[in-house]
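**Q** only geometry, no sequence info:
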Ligand code: 13P
Ligand code: SF4
């Protein structure tokens, strides 16, 4: 089909299939049909737009999504998330087809740590154990001893023998938080997430004064000054659980605002206020995550493009630190 051939050619430049869609189609129904026809599973991160979350088979944090990608018996994994997440799914299930609706859905944290620069940094600390946050490229994972997510990071750091020194990459904020929590002095790579660094401390303090009953909850990718005033710090799944279990009825949410969709569904009578960013834009929406749309998702499932491909040698090496993470998580009951 001519239209598909042209759209496929532009994948490199645009990152997604740019094709007309019949406006009368019910995309929810079509996506459900495609899932069945192709034995495909649709995995979505909490930061995806609400419509995508509503059509997903599984919505979760980075750890949950990796565990699901490793255990599924589907033939196709459709990843509604960002590139490093889909790459991780491919590393864990190399025989499956892994699709990402928009190849340009990247991550500022992953971009902040190019493997060739990290290699030089690592050479300066040759005896250190390398722990990398899962928000990094497959290339960086090949230079890593143990991967972690925000859900299991403390367990991963504590799994390293006390006489071993540690490099933590790429998130300096999560790294600093872990140093405080575990008492381990780690060498930090200087990376950060653009979404979690945009929150405005002063505005949050004012908001807390206006809602003295509200709990301020924050992701550990936020800066220390914000974490210092948070009532609870946790991964996306931790934050979601806290809003369900805590008796407060108002929460100021210090992470990407997409997660509020699940918070509201699970606690319809509670109020969720997105933590305000420094300026007036929607900066607490991750611009990378939000590149995925229902339309791109439909096209990606219909034509099975764009697909994530990786060199088998990279898959073999990058798998080792991810497997270590999964073992540590399983032992910890996570
Ligand atoms: P978690 O969902 O694992 O907490 O990670 C948050 C995040 O920034 C994903 O990009
Ligand atoms: Fe990366 Fe931050 Fe977006 Fe998560 S929210 S994908 S860490 S840029």
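**A** Nice, thanks for sending it over. Predicted, not measured: the structure shown is a model, and the values here were computed from it. Residues are numbered from 1 along each chain as shown. Ligands and ions are numbered 1, 2, ... in the order given.
**Q** please make it C-alpha for all contacts and neighbour counts, starting now.
**A** Will do.
**Q** pLDDT score for the residue of the stretch 51-200 of the chain found nearest ligand 2?
**A** Nearest to ligand 2 in the stretch 51-200 of the chain, going by Cα to the nearest ligand atom, is residue 107, at a distance of 3.6 Å. pLDDT for residue 107: 97.
**Q** contact partners for it?
**A** Residue 107 makes contacts with 82, 83, 84, 135, 193, 288, as judged by Cα atoms under 8 Å, 6 or more residues apart in numbering.
**Q** how about 10 Å then?
**A** For residue 107, the contacting residues are 82-85, 135-137, 192-195, 286-289, by Cα atoms under 10 Å, 6 or more residues apart in numbering.
**Q** what residues does the stretch 201-334 of the chain have near ligand 2?
**A** Selection of the stretch 201-334 of the chain residues close to ligand 2 by Cα under 6 Å from any ligand atom yields 286, 288, 289.
**Q** for PyMOL, write the selection for the buried entries among these.
**A** Applied in PyMOL, the following selects the buried portion of these according to 16 or more other Cα atoms under 10 Å:
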select buried, resi 286+288+289
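**Q** quick one, strands of the protein?
**A** With strands called from DSSP state E, the chain shows them at 40-45, 58-60, 76-80, 97-99, 129-133, 146-148, 166-169, 186-188, 215-218, 232-233, 250-254, 271-274.
**Q** mind giving me the packing neighbours of the first one?
**A** The one in question is strand 40-45. The contact analysis (3 or more Cα pairs under 10 Å, 6 or more residues apart in numbering; DSSP states H and E) places strand 40-45 against helix 27-38, helix 50-55, strand 58-60, helix 62-71, strand 76-80, helix 83-92, strand 97-99, helix 294-303.
**Q** now that strand against helix 27-38, angle please.
**A** With axes from the mean of the first three to the mean of the last three Cα atoms, to 10 degrees defining the directions, strand 40-45 sits at 130 degrees from helix 27-38.
**Q** quick one: strands adjacent to strand 40-45?
**A** The strands that strand 40-45 pairs with in its sheet are strand 58-60 (parallel), strand 76-80 (parallel) (by DSSP bridges).
**Q** ok, and what's touching the helix or strand bottoming out on mean pLDDT in the chain?
**A** Lowest mean confidence among the helices and strands of the chain (mean pLDDT, DSSP states H and E): helix 2-9, at a mean of 83. Contacts to helix 2-9, defined as Cα under 10 Å, 6+ apart, come from residues 10, 14, 15, 16, 17, 18, 19, 20, 303, 305, 306.
**Q** give me the buried positions along that helix.
**A** residue 8.
**Q** next: stretch 48-58.
**A** Applying a neighbour-count criterion of 16+ other Cα under 10 Å, the buried positions in stretch 48-58 are 48, 49, 50, 52, 53, 55, 56, 58.
**Q** what's the mean pLDDT across that stretch?
**A** Averaged over stretch 48-58, pLDDT sits at 98.
**Q** run the chain-centre distance for it.
**A** Chain-centre distance of stretch 48-58: 14 Å, with Cα atoms, centre = their mean, to the nearest Å.
**Q** again with stretch 229-244
**A** Counting by Cα atoms, centre = their mean, stretch 229-244 is centred 16 Å from the centre of its parent chain.
**Q** ok, is that stretch in contact with ligand 1 or not?
**A** Yes. Stretch 229-244 reaches ligand 1 (Cα under 6 Å from any ligand atom) through 235, 236.
**Q** offset the numbering so it begins at 815, please.
**A** Right, with 815 as the first residue, what we last looked at is stretch 1043-1058.
**Q** just the terminal-to-terminal distance for that stretch.
**A** Length of stretch 1043-1058, first residue to last, Cα to Cα, to the nearest Å: 21 Å.
**Q** give me the most central residue, the chain.
**A** residue 876 (5.0 Å; Cα atoms, centre = their mean).
**Q** state the number of residues packed around whichever residue of the stretch 965-1114 of the chain sits closest to ligand 1.
**A** Nearest to ligand 1 in the stretch 965-1114 of the chain, going by Cα to the nearest ligand atom, is residue 1049, at a distance of 3.5 Å. For residue 1049, the count of nearby residues is 21 (other Cα atoms under 10 Å).
**Q** now swap in the one 3 residues further on and tell me
**A** Each residue near residue 1052 was counted by other Cα under 10 Å, and the total is 17.
**Q** separation between the nearest residue to residue 1084 once chain neighbours are set aside and residue 1085?
**A** Leaving aside its sequence neighbours, residue 1084 sits nearest to residue 1063 (Cα to Cα, 6 or more residues apart in numbering; 4.7 Å). For residue 1063, the distance to residue 1085 equals 6 Å [Cα to Cα].
**Q** spit out the residues that contact those two alike.
**A** The contact sets of residue 1063 and residue 1085 overlap at 1028, 1057 (Cα under 10 Å, 6+ apart).
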